[in-house]
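S.K.: based on what follows, work out the 3D shape:
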Amino acid sequence: MRNIYDNIPGELKKINNWVCWDSKKVPINPKNGQYAKSNDPSTWADYKTAVETSKRFKGIGFMLGNTDYVAIDIDDLENNKEVAREFVDNLKSYTEYSPSKNGIHIWIKGKVDINKYRKDKVEMYDHTSPRYLTFTGNKIGEHTEINTNVTDDLMKLYKKYIDIEPKKTNVIQMPSKSLELSEREIIDAIQKSNQASKFDSLYSGSWETYYSSQSEADLALSNMLAFWTAKDYQKMDTIFRNSGLMREKWDEKRKDGTYGSIILSKAINDTRDVYTPKDTYCISVDQSQPITPQFGSNSVQAIGRAYHKQTSEGPSMISTFIIELKEIIKDDLDGEFYYRANFISQDYKEELIFKAKEMNNKNDFMSLLQHPSFSFSGSLNDLQEIKKILSNQPYETVRGVSFIGFHEIDKKRVFITQDKAINSDFKEITGITVNESEQVVNSDILKQEEITKKELELLAKHLFKFNDLDITASLISILPVFMLKPLLFPKGIKTPHLVIYGEAGAGKSQTIESILLPFYSLDKENILSCSNVTQFSLLKSLSNTNALPVILDEYKPSFLAEHQVRLISDNLRNTYDCHNATRGTKNQKVVSYPMVSPVVLIGEEGQEETAIKERSVILNFNKRSRIGKEEHFKFLKGHPGLLKKLGRSILSKIIKADVDKLIERRTDLLDGYLSKDITEDRVQENIGNMLLGFDLVIDVFRDLGLNFEKLTDTKILDVISSINKNLFREVLDENKTTKSVIDNTVELFSSMADIGLIHYNYEFTIVNDNELAFHMPSLYPKLTKFIREYNISTEVLTSQNQFTRQLRSAEYFKEYKAVKFDGKSKRSFVLDTEALKKINIDIEGIKNKVTERV
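M.R.: Have a look, this model is predicted:
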């Protein structure tokens with residue numbers, strides 16, 4: 001950076017306040033390479049000398065000394081960008097990066113009235129604090145000179161970030177962080193501590209009571225100062241020079257510096273813990289009682305990065321960490337209070353979220369301390385004292401919700417993700433968070449910008465072309481439907497799931513990863529494998545979002561355990577109806593989980609269960625349908641940002657939507673565009689949702705003044721037709737209604753005949769050419785064996801009595817009567833084969849066997 005020192009303002013270069021600095025950031029006298037003193041201008045030099053000498057050291061610095069300059073030092077830019085920007089924008093003065101590039105230094109000129117120099121990562125210094133600041137010349141922004149007319153603006157920022165008005169509270173508080181204090185305030189702080197007596201003796205020069213030599217006393221006082229000044233070399237040196245121990249020997253030269261610099265460096269190197277302002281210990285007291293230090297009881301205070309228990313012999317360390325309380329969360333799901341807190345040791349920091357009551361049991365608290373840097377040897381009483389410390393720290397109290405998506409807060413619709421919440425006015429709101437102990441689904445959708453006109457023009461030509469229109473129309477249309485679920489369900493309108501099946505290599509998973517995930521700003525970690533799910537993992541996932549889908553991949557019933565297939569099936573029903581599931585806790589409390597998530601199910605095998613089919617939109621992927629469309633899929637895969645922005649645009653429309661108007665619009669779409677072939681109620685409802693979802697996509701085009709059909713090269717009526725056609729084929733099997741469990745069982749009887757498991761004139765026979773008779777006592781036991789041995793996933797009634805009772809109500813049932821089976825009379829259930837044919841019940845297997853016998 002030496003080649004950019006020319007950026008440093010010229011007026012500073014004219015002042016002989018320059019020093020160098022070494023690897024420990026200790027100031028160096030450029031004239032002789034010895035340590036420089038903040039209160040001795042003879043150890044400073046001119047700018048040119050400092051630059052030349054700095055070639056042997058780390059860099060150059062400027063002693064504030066007796067000048068009118070004010071220096072602002074802001075550290076940890078990564079987490080303080082907005083604070084830094086506020087200072088830079090308001091002060092409009094010379095600014096440069098610190099040596100680490102993770103901080104900035106701003107310089108102004110003028111008289112200011114400050115008595116505190118630091119708060120958190122913001123520091124401010126003038127001539128009242130003997131100090132130097134490094135210079136790099138690595139300038140930021142357009143301002144090359146030092147501003148002399150911004151002291152009023154600076155004082156406003158000073159009061160906002162450093163001289164913060166403390167809350168009035170009836171507490172005794174341990175001293176503030178030393179780096180925020182002047183040398184005089186540091187001395188006052190020490191004199192209020194349990195080291196006061198010894199410090200007063202050493203500071204006054206009376207060392208004989210404690211040590212056999214003054215050199216030992218010099219080091220002892222320096223060790224104290226290292227702790228209380230947070231190892232601030234300059235403040236240590238200033239305080240020592242004003243003490244009764246100061247003598248000429250302090251500045252005597254040694255091989256490695258002066259005697260004093262060697263003593264201070266040793267103290268700095270030997271000191272592990274330092275005093276920090278957030279480590280305050282507060283004890284509530286009665287105003288009528290005198291405020292006195294609580295050193296003789298089970299009181300606890302934070303010293304450095306450890307808690308210490310006060311004893312008659314002084315502080316005794318009981319932990320290797322301190323706790324910074326950030327939030328208290330009241331959880332909606334279990335009604336518990338949670339702490340979000342930083343656990344900080346000497347070398348490690350970790351954020352933990354835990355139940356507040358875990359601080360009421362030492363064993364529970366110890367179980368939180370997983371990292372080897374954290375240990376605790378105190379008692380339960382000590383834990384309660386630490387709770388007092390936490391109670392006096394600044395923290396937020398927030399409401400913890402159990403799922404991301406839509407909530408109602410203060411009678412306003414709010415959409416919340418794991419790190420942000422906005423209301424229907426698109427204003428970010430605070431005081432609400434998703435409890436991380438329950439968090440499974442993560443989305444960055446609120447971090448996205450809405451799509452622009454130019455971006456939608458790029459996206460549109462590929463949006464419905466990456467596969468057959470039956471698939472693309474249904475997939476793109478259902479994406480907004482999932483977001484609508486929490487708005488429509490209270491009005492009695494249920495949201496279908498999405499089931500994607502097809503041969504290996506047909507592009508199922510790629511489509512999910514390249515189109516569906518970006519639309520919701522989800523990542524691959526949100527995909528669950530069906531082979532790994534348990535009741536609890538499904539329960540947590542399916543109750544963790546009400547507007548974004550939970551994705552279940554690798555659905556292969558023939559490879560899954562029977563209980564897993566049933567588990568997935570049951571939960572698909574529960575989430576469609578938004579049922580509550582309950583789970584007991586170890587303390588015998590029952591927690592209720594709202595099963596509200598939309599679901600996407602992906603696998604190579606289709607869904608045969610009627611109840612699930614009619615609650616779903618089903619897409620059948622195959623390799624042929626992708627041929628000739630590769631360039632469109634490649635574009636979508638390579639531009640996830642466009643899909644993220646489209647998803648954000650549609651979410652914005654839904655956040656502010658009038659639900660009653662949405663429902664009215666949906667009704668009009670159903671009345672105008674529902675296929676007459678579809679008469680099943682649930683499937684009609686699904687069509688209505690899909691049409692509304694598609695219309696919301698068109699809205700984005702309309703709002704940007706774009707022509708949907710022209711840009712997508714797709715007719716609106718063709719999309720609507722494809723939506724109807726796909727559900728008619730995949731859900732209804734090209735029937736007007738779905739097949740019942742009785743219909744499916746009759747078809748299974750035909751399959752059993754086809755493979756020779758049941759036989760003509762034994763378990764079934766034909767009567768009068770158009771009547772099919774089943775002898776249930778000999779047939780039904782073979783059905784359960786067939787299902788078990790062939791791993792049939794079709795839903796059936798395992799009870800013969802239940803089946804025959806419901807069979808009597810079927811439109812193709814004729815009568816229950818005696819029928820001749822190869823000359824033997826058996827009472828049988830007789831079905832009308834013409835009625836079976838009319839509603840597409842497949843009995844080809846039975847017909848083939850009858851034909852063979854004839």
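S.K.: pretty sure P640 is touching L516, no?
M.R.: No. Under the contact definition of CB atoms under 8 Å, P640 does not touch L516, with a separation of 10.8 Å. Every residue, glycine included, has its C-beta placed from N, CA and C.
S.K.: the more surrounded of the two?
M.R.: Taking other CB atoms under 10 Å, P640 and L516 do not tie; L516 has more neighbours (24 against 16).
S.K.: ok, that one to P549 distance?
M.R.: 7 Å (CB to CB, to the nearest Å).
S.K.: identify the contacts common to these two.
M.R.: Jointly contacting L516 and P549 under the rule CB atoms under 8 Å, 6 or more residues apart in numbering are V600.
S.K.: could you confirm L219 falls within a helix?
M.R.: Yes. Judged by DSSP: H, G, I helix; E, B strand; the rest coil, L219 forms part of a helix.
S.K.: just checking, it touches I263?
M.R.: Yes. Assessed by CB under 8 Å, L219 is found in contact with I263 at 5.7 Å.
S.K.: the two: who's more crowded?
M.R.: I263 (22 against 18).
S.K.: ok, and what's touching the host helix or strand of that one?
M.R.: Under DSSP states H and E, the secondary-structure element containing I263 is helix 259-270. Under the criterion CB under 8 Å, 6+ apart, residues 24, 26, 34-35, 218-219, 222-223, 225-226, 231, 233, 236-237, 240, 249-252, 254, 256-257 lie in contact with helix 259-270.
S.K.: next: stretch 32-52.
M.R.: Contacts of stretch 32-52 (CB under 8 Å, 6+ apart): 2, 5, 12-20, 26-31, 53, 56, 60, 63, 65, 130-132, 234, 237-238, 241, 253, 257-258, 261.
S.K.: okay, the closest residue in space to Y780 that isn't next to it in sequence: pLDDT?
M.R.: Excluding its sequence neighbours, the residue lying closest to Y780 (CB to CB, 6 or more residues apart in numbering) is Q800, at 4.3 Å. At Q800, the model reports a pLDDT of 91.
S.K.: just checking, V401 touches G431?
M.R.: No. Using CB under 8 Å, V401 makes no contact with G431, being 11.2 Å away.
S.K.: which of the two has more neighbours?
M.R.: Ranked by neighbour count (other CB under 10 Å), V401 and G431 place V401 first, with 21 against 12.
S.K.: and the pLDDT for the closest residue to the more buried one other than its chain neighbours?
M.R.: Spatially, and ignoring its direct neighbours in sequence, V401 is nearest to D332 (5.2 Å; CB to CB, 6+ apart). D332 carries a pLDDT value of 80.
S.K.: D332 against R399, yeah?
M.R.: Yes. Counting by CB under 8 Å, R399 is a contact partner of D332 at 6.8 Å.
S.K.: show me where pLDDT drops low in the stretch 351-500 of the chain?
M.R.: Scanning the stretch 351-500 of the chain for pLDDT under 70 picks out 437-438.
S.K.: let's see that with 50 instead.
M.R.: Nowhere does the stretch 351-500 of the chain drop to pLDDT under 50.
S.K.: can you map out the strands along it?
M.R.: When secondary structure is read from DSSP state E, counting those that start in this stretch, the stretch 351-500 of the chain shows strands at 396-401, 405-409, 412-416, 421-423, 432-434, 497-502.
S.K.: for ChimeraX, write a command that selects the buried ones of the contacts of helix 259-270.
M.R.: Only the buried members of the contacts of helix 259-270 end up in this ChimeraX selection, burial being decided by 16 or more other CB atoms under 10 Å:
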select :26,35,218,219,222,223,225,226,231,233,236,237,240,250,251,257
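S.K.: next step: the contacts of helix 259-270 restricted to helices.
M.R.: If you go by DSSP state H, the contacts of helix 259-270 have D218, L219, S222, N223, L225, A226, Y233, M236, D237, F240 in helices.
S.K.: any idea how far the last one is from K255?
M.R.: Spatial separation of F240 from K255 under the definition CB to CB is 21 Å.
S.K.: same question for the first one.
M.R.: As defined by CB to CB, D218 lies at a distance of 18 Å from K255.
S.K.: same thing with L516?
M.R.: With CB to CB as the criterion, L516 and K255 are 71 Å apart.
S.K.: swap in G137?
M.R.: For G137, the distance to K255 - CB to CB - is 33 Å.
S.K.: between the two, tell me which one has more neighbours.
M.R.: Between G137 and K255, counted using other CB under 10 Å, the more crowded position is G137 (16 against 5).
S.K.: for that one, give me phi and psi.
M.R.: G137 adopts backbone torsions of phi 80, psi 0, taken as degrees, to the nearest 10.
S.K.: then Y520?
M.R.: Dihedral angles for Y520 - degrees, to the nearest 10 - are phi -100, psi 0.
S.K.: compute the number of surrounding residues for the spatially closest residue to it that is not a sequence neighbour.
M.R.: Nearest non-adjacent residue to Y520, counting by CB to CB, 6+ apart: L548, 4.9 Å away. Residues contacting L548 under the criterion other CB under 10 Å number 27.
S.K.: what does S212 give?
M.R.: Using other CB under 10 Å, S212 is surrounded by 9 other residues.
S.K.: that older thread, so what's the residue nearest to V401 up against?
M.R.: R399, G400, V401, S402, N435.
S.K.: okay, and L662 sits in which element?
M.R.: Assigned by DSSP H and E, L662 belongs to helix 659-673.
S.K.: so for that helix, mean pLDDT?
M.R.: Across helix 659-673, the average pLDDT comes to 95.
S.K.: next SSE after it?
M.R.: In N-to-C order, the element after helix 659-673 by DSSP H and E is helix 681-703.
S.K.: how far off centre is the very next helix or strand once past that following helix?
M.R.: Downstream of helix 681-703, the next assigned helix or strand under DSSP H and E is helix 708-712. Distance, stretch centre to chain centre, for helix 708-712: 37 Å (CA atoms, centre = their mean, to the nearest Å).
S.K.: for helix 708-712, packing partners?
M.R.: helix 453-463, helix 681-703 (3 or more CB pairs under 8 Å, 6 or more residues apart in numbering; DSSP states H and E).
S.K.: what about 6 Å?
M.R.: helix 453-463 (3 or more CB pairs under 6 Å, 6 or more residues apart in numbering; DSSP states H and E).
S.K.: list the buried ones in the helix it packs on?
M.R.: Buried positions in helix 453-463, judged by neighbour count with 16+ other CB under 10 Å: E455, L456, L459, A460, H462, L463.
S.K.: try stretch 715-727
M.R.: V719, I720, S721, S722, I723, N724, K725, N726, L727.
S.K.: distance between stretch 404-414 and the chain's centre?
M.R.: So, by CA atoms, centre = their mean, the centroid of stretch 404-414 is 18 Å from its chain's centroid.
S.K.: name the residues of that stretch that are buried.
M.R.: Neighbour-count burial for stretch 404-414, counted by 16+ other CB under 10 Å, picks out I404, G405, F406, H407, R413, V414.
S.K.: go through those residues and name the one nearest M595.
M.R.: G405 (13.1 Å; CB to CB).
S.K.: so what would you say the end-to-end distance of stretch 246-257 is?
M.R.: Terminal residues of stretch 246-257 are spaced 17 Å apart (CA to CA, to the nearest Å).
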